[in-house]
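>>> When you get a sec, could you give me coordinates for this:
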Amino acid sequence: MTNPFGTCNSERGVALLVTLAVIAVMIVAVFELHRSVTDVVERTDTRRNRLRITQMAASGVHGAMALRVKDRMETPNDSIQEMWAD
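Below you'll find the model as predicted:
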């Protein structure tokens, strides 16, 4: 039995099923891509934060060392009332 469009109903049904299957596969691929990109972004963010914190800590240590060197050059004795103790 043919319809007014000149194709058999079973062919239209198969085309619909193939189209739905292709769309389903594409949706799965997009979700998987989204998941992997999100993982990469989170790992990159973690590495950036870890590097930033490491550099901040190193900066603080170097600042304290510079303050101690300056204090040593100005006064021969140490006291807890000096700026380095703060």
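>>> any idea which element residue 78 lies in?
Using DSSP states H and E, residue 78 maps to neither a helix nor a strand.
>>> where in the protein is pLDDT low?
The chain contains residues with pLDDT under 70 at 1-9, 83-86.
>>> at 80 what do you get?
Residues of the chain that meet the criterion pLDDT under 80 lie in 1-12, 75-86.
>>> Helices along that one, start to end?
Taking DSSP state H, the helices of the chain run over residues 9-74.
>>> Share the number of residues neighbouring residue 68, please.
13 (other Cβ atoms under 10 Å). Where C-beta positions appear, they are placed from N, C-alpha and C, glycine not excepted.
>>> To clarify, my last question referred to residue 71.
Number of residues near residue 71 (other Cβ under 10 Å) recorded here: 17.
>>> Go ahead and confirm it touches residue 81.
No. The pair residue 71 / residue 81 is not scored as a contact, 11.6 Å apart, by Cβ atoms under 8 Å.
>>> Identify the contacts common to these two.
With contacts defined as Cβ atoms under 8 Å, 6 or more residues apart in numbering, no residue is shared by residue 71 and residue 81.
>>> Check the gap between residue 49 and residue 56 for me.
10 Å (Cβ to Cβ, to the nearest Å).
>>> Having no further points to raise, I will conclude here.
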